[in-house]
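**Q** dropping the sequence and predicted coords here.
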Amino acid sequence: MVLNKLTYAKSGVNIKKADKFINFISSLSKKTNKSGDFKNIGGFGAISKVPANLNNPHIVTSTDGVGTKIEIANELQKFDTIGIDLVAMCVNDLIVQGAKPHLFLDYISINKLNLKKIKNIIKGVMKGCEIAGCKLVGGETAEMPGTYSQGKFDIAGFAIGFVEKNKILKAKIKKNDLILAVPSNGIHSNGYSLVRQIIKNKNIKLNKNKFLKKELIKPTKIYVNEILKLIDKNILNGCANITGGGLKDNLNRIIPKKFGAEIKLNKINTISIFKWIKKYGISDNEMLKTFNCGVGFCLIVKSNNLIKVQKIFSKKFKPYVIGKISTNSKRVSFSGKINW
C-alpha cells in the first residue's frame, strides 16, 4: 500500500503561484523604474541610491494598513483601488515631516493565492506609487491557510522618504498662523468598522446601493505633490494628515506645547458620505474623533500666504480657513457645530 506524500502544496501553500505573482510584479516595475536602478523585485532585499541632490538628507519612515476597508473591497469584489489607499496612508504621513517619498514596500497576506485578486491589488499599489512619485521596490506575499478564512486577506505598507534637514517641518508654527482644511476624497481609510456596523444593523445591501458602492471604495487622496510644492516654496509652517482620531488627535501631534489650535467647526465643508453616516444617530463627538468629516489634511500657514497656498491645489481640493493658532491652554479647541 502506497501512502500519498504530504507536500507544502497539499497543505494549502502554492509556491508556483507565488512565483508567477513575483514575475508579474517584476514586469510591472520595469515599466516604471528608471534606467540604472537596481533590480529589486524577487531579491532578498531592495537596494536604492540616496537622492544625490540632498546635502544633509534625513530618512523618514512610515508604515500603515487600510483597516477594515478591505472588507468593503471583498464584498464589492473590487480590488484595483485598495492599493492606492495603502500607499496614501503611508506617504501622507511622510510629507507631514517634509519628506519626499522615495521607496515603498508592501505586504499581502491571504488565505489562498488568487492571482486575479492580488494582481489587481498590486496594480493599485503601483498606481499609488506613481501618484506619490516613489518606487515599489519589494514586499512579501504570504499564503496563510488556517489563519484567514476563505477569501479573506490583509495588506500593509512601508514607505521611506528623504528630507533636507533645513526643510523638516518642525517648530515653525507661530501664533496667529491660519489653519487650513484641505478637502478629503471621502472616508479615506479610517472608521470603516463603524460604517460596516451601520450597514449590518440596518440590513443595507451594499451591492444594491449605488451611492455607497461609489463612496465606500473611493481611494484615499494622496497629497504628496501639492505639499511638496508648498515646502519647496517655503510657505508651509506645519501640516497634519487627518486619519484615525480626527482633527483633534492629529492636530495635537504637531502643535507646539506653548500654542493651541482654535477650530471653528461651522467653517468645515463636509461631504455627502459623512451626512449619510450622521443621519444614523452618530453623535457629533463620535463623528469628529472617528472620521475626517471632509477634512483630509490640515495646513498651517502665515495669513499672507493664503492665496499662494490655494493656487497650488485644484478646485476640488482647494484649502480654506477653519481656524488659527493661539496661545490657548487647550491644545485643540472646537467652537460652533458642523452643518450636517
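**A** Looks like it arrived, so ask away.
**Q** for the stretch 151-300 of the chain, give me the ranges with low pLDDT.
**A** Nowhere does the stretch 151-300 of the chain drop to pLDDT under 70.
**Q** residues contacting Ile187?
**A** Contacts for Ile187 (Cβ atoms under 8 Å, 6 or more residues apart in numbering) come out as 69, 195, 215-216, 218, 273-274, 291-292. C-betas here are computed from N, CA, C, even on glycine.
**Q** could you redo the last one with a cut-off of 6 Å?
**A** If a contact means Cβ atoms under 6 Å, 6 or more residues apart in numbering, then Ile187 has Ile273 as its contacts.
**Q** and if you look at the one 5 residues further on?
**A** Contact partners of Tyr192, counting by Cβ under 6 Å, 6+ apart, are 67-69.
**Q** please identify the helix or strand for Gly157.
**A** Using DSSP states H and E, Gly157 falls within strand 153-164.
**Q** return the list of helices and strands in contact with that strand.
**A** Packed against strand 153-164 by the contact rule (3 or more Cβ pairs under 6 Å, 6 or more residues apart in numbering; DSSP states H and E) you find strand 57-65, helix 82-94, strand 100-110.
**Q** re the thing from before, name the nearest of the contacts of Tyr192 relative to Arg253.
**A** Gly67 (18.9 Å; Cβ to Cβ).
**Q** where does that closest one land in three-state SS?
**A** Three-state assignment for Gly67 (DSSP: H, G, I helix; E, B strand; the rest coil): coil.
**Q** tally of neighbours for it?
**A** Neighbours of Gly67 under the rule other Cβ atoms under 10 Å: 18.
**Q** what of Thr147?
**A** Neighbour number of Thr147 under other Cβ under 10 Å is 12.
**Q** and it, backbone torsions?
**A** Note on Thr147: backbone dihedrals following degrees, to the nearest 10 are phi -90, psi -40.
**Q** can you verify my assumption that Ile263 contacts Gly323?
**A** Yes - contact criterion Cβ atoms under 6 Å: Ile263 and Gly323 qualify, at 4.1 Å.
**Q** and the strands in the chain?
**A** Here the chain has its strands, by DSSP state E, at 57-65, 100-110, 135-143, 153-164, 178-183, 238-241, 260-264, 295-301, 320-326, 332-335.
**Q** now do the fourth one: distance to the chain's middle.
**A** Average the C-alpha atoms of strand 153-164, do the same for its chain, and the two points are 10 Å apart (Cα atoms, centre = their mean, to the nearest Å).
**Q** swap in stretch 164-179?
**A** Relative to the chain's own centre, stretch 164-179 is displaced by 22 Å; criterion: Cα atoms, centre = their mean.
**Q** and the gap between Asn74 and Lys248?
**A** Shown here: Asn74 relative to Lys248, a distance of 31 Å by Cβ to Cβ, to the nearest Å.
**Q** same question for Phe259.
**A** Separation of Phe259 from Lys248 (Cβ to Cβ): 15 Å.
**Q** other residues contacting the strand holding Gly157?
**A** 51, 54, 57-58, 60-63, 65, 86, 90-91, 94, 98-110.
**Q** burial count for Ser329?
**A** 8.
**Q** name the nearest residue to it, sequence neighbours excluded.
**A** Spatially, and ignoring its direct neighbours in sequence, Ser329 is nearest to Gly260 (6.7 Å; Cβ to Cβ, 6 or more residues apart in numbering).
**Q** give me the pLDDT value at the residue nearest the centre of the chain.
**A** Among the residues of the chain, the one closest to the centroid is Met89, at 1.8 Å (Cα atoms, centre = their mean). Looking at Met89, its pLDDT stands at 98.
**Q** likewise for Lys330?
**A** Lys330 is assigned a pLDDT of 81 by the prediction.
**Q** rewinding a little: list the contacts of the residue nearest to the centre of the chain.
**A** The neighbours of Met89, taking Cβ under 6 Å, 6+ apart as the test, are 64, 189.
**Q** same deal with the one 3 residues further on?
**A** Remark: with contacts taken as Cβ under 6 Å, 6+ apart, Asn92 is in contact with 223, 241.
**Q** I figured Val60 hits Gln97, correct?
**A** Yes - at 4.7 Å, Val60 counts as touching Gln97 under the criterion of Cβ under 6 Å.
**Q** tell me which of these two has more neighbours.
**A** Ranked by neighbour count (other Cβ under 10 Å), Val60 and Gln97 place Val60 first, with 21 against 18.
**Q** need the contact list for that one.
**A** Val60 makes contact with 94, 97, 99, 161, 163 under the criterion Cβ under 6 Å, 6+ apart.
**Q** distance of it from Ala159?
**A** Separation of Val60 from Ala159 (Cβ to Cβ): 9 Å.
**Q** then Met89?
**A** From Met89 over to Ala159 the distance is 9 Å, taken as Cβ to Cβ.
**Q** how about Lys210?
**A** From Lys210 to Ala159 the distance is 34 Å (Cβ to Cβ).
**Q** more neighbours, the two?
**A** Taking neighbours as other Cβ under 10 Å, Lys210 and Ala159 compare with Ala159 leading, 27 against 8.
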